[in-house]
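# what follows is a predicted structure for the sequence shown.
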Amino acid sequence: MNTTHSSQACIDQCNELLRGEISAVQTYAMALRRFPDEESSPLLRDIRDEHAASVEELRENIERMGGEPTTDPGAWGSFARTVEKAASLLGEGAAVEALRQGEQYGVGLYRSAIDSEDTEVNSRLLYSERLLPRLFTHLTRLESIQP
């Protein structure tokens, strides 16, 4: 891989966002397994699928920069397990609140990436015009769930 320091920093940052999106896909999949027949299931499936689309867009962005996309959620994987435990112990309301908190955390990560000096223009546009707005939509949609 022949990348400059700035490019490598952007690739590393993008891989961190990718880990979060992979974890989000896993988290929503776990929530759907826990509450398969709930009225909220179609909405949760849609959000999971949008996170899966974000995974693909981030992978393509990393490859475009000459990097190797991660395939592992890393430490993010523990968030998925936390949501599953909350759902098991406390029900759908706790699971939805955990999903909201995960989306809010993701908003912060994308905002930091957008503001970072290491973020290349194409990545900044991807984050600000496509991926971050999805999270705001997810938050709005999660607010509509009445456990």
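Ah, there it is.

# residues touching the residue most central in space within the chain, list them.
Relative to the mean C-alpha position of the chain, the nearest C-alpha, by CA atoms, centre = their mean, is the one of residue 21, at 2.9 Å. By CB atoms under 8 Å, 6 or more residues apart in numbering, the contact list for residue 21 reads 51, 54-55, 58, 106. No exception for glycine: its C-beta is placed from N, CA and C like everyone else's.

# tell me which element it falls in.
helix 5-34 (DSSP states H and E).

# then the next helix or strand along the chain from that helix to PDB, C-alphas only?
Moving toward the C-terminus from helix 5-34, the next helix or strand (DSSP H and E) is helix 41-64. Backbone C-alpha positions of helix 41-64 (Å, rounded to 0.1, in the frame of the first residue of the first chain) are rendered in PDB as follows:
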ATOM      1  CA  SER A  41     -39.600  -5.000  13.300                       C
ATOM      2  CA  PRO A  42     -40.000  -3.600   9.700                       C
ATOM      3  CA  LEU A  43     -38.500  -0.300  10.900                       C
ATOM      4  CA  LEU A  44     -35.600  -2.000  12.600                       C
ATOM      5  CA  ARG A  45     -35.000  -4.100   9.500                       C
ATOM      6  CA  ASP A  46     -34.900  -0.900   7.300                       C
ATOM      7  CA  ILE A  47     -32.400   0.800   9.700                       C
ATOM      8  CA  ARG A  48     -30.200  -2.400   9.700                       C
ATOM      9  CA  ASP A  49     -30.300  -2.400   5.900                       C
ATOM     10  CA  GLU A  50     -29.300   1.300   5.800                       C
ATOM     11  CA  HIS A  51     -26.300   0.500   8.100                       C
ATOM     12  CA  ALA A  52     -25.400  -2.400   5.700                       C
ATOM     13  CA  ALA A  53     -25.400   0.100   2.800                       C
ATOM     14  CA  SER A  54     -23.100   2.400   4.900                       C
ATOM     15  CA  VAL A  55     -20.800  -0.500   5.400                       C
ATOM     16  CA  GLU A  56     -20.500  -1.000   1.700                       C
ATOM     17  CA  GLU A  57     -20.000   2.700   1.000                       C
ATOM     18  CA  LEU A  58     -17.200   2.900   3.600                       C
ATOM     19  CA  ARG A  59     -15.500  -0.200   2.300                       C
ATOM     20  CA  GLU A  60     -15.500   1.300  -1.200                       C
ATOM     21  CA  ASN A  61     -14.200   4.600   0.100                       C
ATOM     22  CA  ILE A  62     -11.300   2.900   1.900                       C
ATOM     23  CA  GLU A  63     -10.400   0.900  -1.200                       C
ATOM     24  CA  ARG A  64     -10.500   4.000  -3.300                       C
END
